[in-house]
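>>> coords below, sequence missing:
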């Protein structure tokens, strides 16, 4: 695993239902295994069925149709994504959510996931290292950022959340 780069990934969706809702944004921070920054990128994806979106989800992730006018199709976005993250270990905060939506999208478009099969979850790492910390009630990205003094001014947008996850991972590795 030491020879693989990391892809700190966050996605935004039109809701929580994997079968009904869609990915509308992918944010990614690519680093070496030593956590040296390689590249950051964000892909906005034009929803195909915005009528199925959960209005609460759209409000939380700041969806505005005007900001998605030049968005990629899901297929184009995933092709760009798999090229950039080839061989990387995916790291996410509650990585199962993001990985689940991505795997479903890969199968729908029939594109092979190019990332390494191992994944790292900052929620699990935080719990393992900090579950006895009396000042922590929750292990959400928001709570962890507050605890460690990590600024995330555009929470619930993909690239800022991916950056926050990268910063959180670095803090957790220092413990």
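That came through, no problem. In this text, all values refer to a predicted model and were calculated from it rather than measured experimentally.
>>> Residue 44: neighbour count?
By other C-beta atoms under 10 Å, the residues close to residue 44 number 19. (C-beta placed from N, C-alpha, C; glycine too.)
>>> Now do stretch 127-137: distance to the chain's middle.
23 Å (C-alpha atoms, centre = their mean, to the nearest Å).
>>> Do me a favour and get the end-to-end distance for that stretch?
11 Å (C-alpha to C-alpha, to the nearest Å).
>>> which one's the longest helix in this protein?
helix 158-174 (DSSP state H).
>>> so what does that one touch, helix or strand wise?
Here helix 158-174 touches strand 6-13, strand 23-31, strand 37-44, strand 89-92, helix 122-130, helix 141-148, going by 3 or more C-beta pairs under 8 Å, 6 or more residues apart in numbering; DSSP states H and E.
>>> Measure how the second one sits relative to strand 37-44, angle-wise.
If I follow you right, that is strand 23-31. Relative orientation of strand 23-31 and strand 37-44, computed by axes from the mean of the first three to the mean of the last three C-alpha atoms, to 10 degrees: 170 degrees.
>>> From the chain's centroid, how far away is strand 23-31?
6 Å.
>>> Adjacent strands (with direction) for it?
Strand 23-31 sits in its sheet next to strand 6-13 (antiparallel), strand 37-44 (antiparallel), going by DSSP bridges.
>>> So for residue 156, which of the helices and strands packed on helix 158-174 sits nearest?
strand 6-13 (6.7 Å; C-beta to C-beta).
>>> which of the helices and strands packed on helix 158-174 is buried the deepest?
strand 6-13 (a mean of 26; mean count of other C-beta atoms under 10 Å).
>>> Next up, the contacts around the residue nearest to the spatial centre of the chain.
The centroid of the chain falls nearest to residue 10 when counting by C-alpha atoms, centre = their mean (1.0 Å). Residue 10 sits next to 26, 27, 28, 92, 93, 98, 158, 159, 161, 162, 165 when contact means C-beta atoms under 8 Å, 6 or more residues apart in numbering.
>>> one step back: what residues does the longest helix of the chain touch?
8-12, 25-29, 31, 35, 40-43, 91-93, 120, 122, 125-126, 129, 141, 144-145, 148, 150, 152-155.
>>> still on that earlier bit, CSV for the strands paired with strand 23-31, including distance to residue 172 and mean pLDDT?
Below are the strands paired with strand 23-31 laid out as CSV (distance: least, C-beta to C-beta, whole Å; pLDDT from 0 to 100):
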stretch, distance to residue 172, mean pLDDT
strand 6-13, 12, 98
strand 37-44, 17, 98
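>>> Which one of those strands lies nearest to residue 51?
strand 6-13 (14.9 Å).
>>> got the angle for the closest one vs helix 122-130?
120 degrees.
>>> ok, back up a step: what is the nearest of the contacts of residue 10 to residue 67?
residue 158 (12.2 Å).
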